[in-house]
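**Student:** fold the following and give me the result.
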Amino acid sequence: MRPIITTDPIAALATPPGRSGVAIIRISGPQVWQKITPLLQQPNGKPTTATPPTPRVMQRLDLIDAKQQPLDQALVVFFQAPHSFTGEDQIEIHGHGSPVVVARTMERLTELGIRPAGPGEFSRRAFLNGKTDLAQAEALMNLINASSLRAAREAARQMDGSLSKRLAETQKLLLAALAHIEATLDFADEDISPDDEKAIVDRLTRASEDLGKLLQGAVLGRQLADGFELAIVGRPNVGKSTLFNHLSGQNRAIVTAQPGTTRDLLDCAIEIHGIPVQLTDTAGLRETGEVIEQEGIRRAKERLQKADAVLLLLDLSMALQAEDLEIINSAPLDRTILVWNKEDLTTVKSPPDITVAGIKQTVNSAVISCKNGSGIEGLLEKIANYFGSLPVDGEGSVVMVARQRESLIKTISHLARAEAQLLHGSNEELVAISIREALQSIGELVGETSHDDLLDLIFSSFCIGK
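**Tutor:** Next up, the predicted model:
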């Protein structure tokens, strides 16, 4: 654990601003209890003592201003260092959620020498005082910003250190490999034996493979953090915009009988069974000489290929058209759901057999009617099942932060260079340097090696009260 760092006392509102039943003000720093005693008064009118109360026990106290006039009635709890979130003495004041009272209380704390905290300053102190590592601190922010239950659960697991523990196992492999090489360097007259070299390469390979799995999971991390990209595609007038409006719950897309009404991508953030989704309506795919529509079609085709999943709309009330077949053949069918719309216009109630059109691959299908809403719930379940079943290498170790992805890429690059140097008989000192650089990159992931500018960048995105 890092040594406790002495800092000046800070305070911030930990609950959202505005009117509410309860507002919580957090205070952290050395001897903060003694500093705030002028703010506190016993319910019987007696002043509070400078001796801190029993830690972690709430007590009912009055808040008073500099003229001994009442501000609020509150519950106050004291956390003694180092057994607090920040590792310092810490106090929470649970008062009433009046913006006026909160503002005056914060002003009074400033008068008593306690400055307002900056963004993420409480979490930064927790990191600097060894109460959490950088990966856990970022998991806390991911939890606060989680837009789905699955993202929140993943962040909660990482707050317990699951990602950090996995990285620690990789560090052990690299330290063992480095120790082996360092021992060889200490005895310069002896080369690494073939058996020793194989053991070192095995450790580097295992480390690279594990980090590679984490990097693969970073795709899911991006999806959990930002939402899965779900594109609605199809030829004109199959009901794409109507389905978009239905799923988004908003009348955002213009719906007309005229083909080519949608000219550009239309995005909307929604949630499907607890999963965050970025839903996109696209231009109808067809041949056209209209320049603006051509650009919309180009963008639609681009989104068709890059989306995490595709809803390919088809008209159940008529035979497959040449344009339908062209779209099906160009679609990534492993992540596509064929959505047969206009069930209300036909007696057909099941997806047609597309193998007769030469499509050999099995494709997930659904039958719906955008007009009367039939089949929509079943479609939502299929979407949720697809996104919810995407594989991840170990819960609690999904990389959800861009900075972490970059550090992983850098670490894997260092390891690849070390392994190549070893196999091609390079000087052991060069191999050792590459392994040290890999360890440095892993250290950046958890904050063992960090710079003030990096910490400023990370914690500046945190909430003021965190």
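
**Student:** show me the contacts for Ser98.
**Tutor:** Contact analysis of Ser98 by Cβ atoms under 8 Å, 6 or more residues apart in numbering lists 19, 23, 72. The way it works is simple: take the backbone N, C-alpha and C, and place the C-beta from them, glycine included.

**Student:** which single one of those is nearest to Gly239?
**Tutor:** Nearest to Gly239 among the contacts of Ser98: Arg19, at 44.0 Å, using Cβ to Cβ.

**Student:** contacting residues for the closest residue to that closest one other than its chain neighbours?
**Tutor:** Nearest residue to Arg19 in three dimensions, chain neighbours excluded: Gly97, at 5.7 Å (Cβ to Cβ, 6 or more residues apart in numbering). Residues near Gly97 by Cβ under 8 Å, 6+ apart: 15, 18-23.

**Student:** of these, keep whichever come out buried.
**Tutor:** With burial judged by 16 or more other Cβ atoms under 10 Å, the buried subset of the contacts of Gly97 is 15, 23.

**Student:** among the contacts of Gly97, which lie within strands?
**Tutor:** Taking DSSP state E, the ones among the contacts of Gly97 that sit in strands are 20-23.

**Student:** reformat these as a markdown table; add distance to Ala183.
**Tutor:** Below are the ones in strands among the contacts of Gly97 laid out as a markdown table (distance: Cβ to Cβ, whole Å):
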| residue | distance to Ala183 |
| --- | --- |
| Ser20 | 62 |
| Gly21 | 64 |
| Val22 | 60 |
| Ala23 | 59 |
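
**Student:** of all these, which comes closest to Glu295?
**Tutor:** Once Cβ to Cβ is applied, the member of the ones in strands among the contacts of Gly97 that ends up nearest Glu295 is Ser20, at 47.7 Å.

**Student:** distance of that closest one from Val102?
**Tutor:** 10 Å (Cβ to Cβ, to the nearest Å).

**Student:** where in the stretch 101-250 of the chain is pLDDT low?
**Tutor:** Applying pLDDT under 70 to the predicted model, the residue ranges of the stretch 101-250 of the chain that meet it are 186-195.

**Student:** which residues of it fall in helices?
**Tutor:** Ranges of helices in the stretch 101-250 of the chain, per DSSP state H, counting those that start in this stretch, are 121-128, 134-145, 149-159, 162-186, 194-226, 240-248.

**Student:** and of the ones you listed, who's closest to Gln68?
**Tutor:** Of all those, helix 121-128 comes closest under Cβ to Cβ, at 30.2 Å.

**Student:** the closest one versus helix 134-145: what angle between them?
**Tutor:** Put simply, helix 121-128 runs at 150 degrees to helix 134-145, going by axes from the mean of the first three to the mean of the last three Cα atoms, to 10 degrees.

**Student:** just checking: what are the partner strands of the one helix or strand Ile91 maps to?
**Tutor:** For Ile91, the element it lies in under DSSP states H and E is strand 90-97. Sheet pairing for strand 90-97, assigned by DSSP bridges, gives strand 20-28 (antiparallel), strand 70-79 (antiparallel).

**Student:** what residues of the last one count as buried?
**Tutor:** Residues 71-72, 74, 76-79 are the ones in strand 70-79 that count as buried (16+ other Cβ under 10 Å).

**Student:** same question, stretch 163-181
**Tutor:** Applying 16+ other Cβ under 10 Å to stretch 163-181 flags 163-164, 166-167, 170-171, 173-174, 177-178, 180-181 as buried.

**Student:** could I have the CA atoms of the strand holding Ile91 written out in CSV?
**Tutor:** Provided in CSV are the C-alpha atoms of strand 90-97 (Å, rounded to 0.1, in the frame of the first residue of the first chain):
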residue,chain,number,x,y,z
GLN,A,90,-13.6,11.8,6.0
ILE,A,91,-17.0,13.1,7.0
GLU,A,92,-20.4,12.8,5.3
ILE,A,93,-23.2,15.3,6.1
HIS,A,94,-26.6,14.0,5.1
GLY,A,95,-28.8,17.1,5.0
HIS,A,96,-32.0,18.2,3.2
GLY,A,97,-31.8,18.7,-0.6
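
**Student:** roughly how far is that strand from the heart of the chain?
**Tutor:** Here strand 90-97 is found 29 Å from its chain centre; the criterion is Cα atoms, centre = their mean, to the nearest Å.

**Student:** so for that strand, what gets flagged as buried?
**Tutor:** 90-93, 95-97.

**Student:** over to stretch 434-445?
**Tutor:** 434-439, 441-445.
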